[in-house]
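what shape does this take:
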Amino acid sequence: MNNRILVTDEALKNDSSYLDFIKNNPGYSTLKVRASAANEAYPIEGVSIVVSKVIGNYDVVFYEGKTDSSGMINNIILPSPRAIQNDMEVPSFTEYQLIAKSEVDDFYKVYNFSVCCGITVIQYINITPKVMEERYGY
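Sure, this is the predicted structure:
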């Protein structure tokens, strides 16, 4: 089991696995989160979001927060591999995990996503209210 630790924790400054991760991910990418129901017609405020990555013996948390009144979280900055230098180079990716939780609808879901340098990733979170789930099996 990995220890959960915030990316700002002092323990990471000397951790060889984390230092290797930063060395291999000198660029950055942006993550946006959109939580909604009814085919994105109804934004869901207050969905808890945790973005993390297992690095060595730690589950490093890069972001913790809640969606705003528009169901959004904008501009989560994440380390990523360097940008490609020419058209012949294959881009490298870094994988992260996003956990979305909402107590209102008893919702919990884990998403895995990848980023590469300079790219904005949008993670859509579709929450089906329990009433719809019970009535229609969604």
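
only C-alpha atoms from now on, for both contacts and neighbour counts.
OK.

could you pull out the strands for the chain?
Ranges of strands in the chain, per DSSP state E, are 3-6, 27-37, 42-43, 48-55, 58-66, 72-80, 94-102, 107-115, 120-126.

mind checking the longest helix of the chain?
Counting residues, the longest helix in the chain under DSSP state H turns out to be helix 16-24.

ok, and the helix or strand in this protein with the lowest average confidence?
helix 130-136 (a mean of 53; mean pLDDT, DSSP states H and E).

returning to that earlier point: need the strands of the chain in TSV (columns: mean neighbour count and distance to L19).
Listed next are these as TSV, based on neighbours: other C-alpha atoms under 10 Å; distance: least, C-alpha to C-alpha, whole Å:
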stretch	mean neighbour count	distance to L19
strand 3-6	15	15
strand 27-37	19	14
strand 42-43	18	38
strand 48-55	19	10
strand 58-66	18	12
strand 72-80	18	12
strand 94-102	18	15
strand 107-115	14	19
strand 120-126	17	24
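
of all those strands, which one comes closest to N86?
strand 27-37 (16.0 Å; C-alpha to C-alpha).

all set now, cheers.
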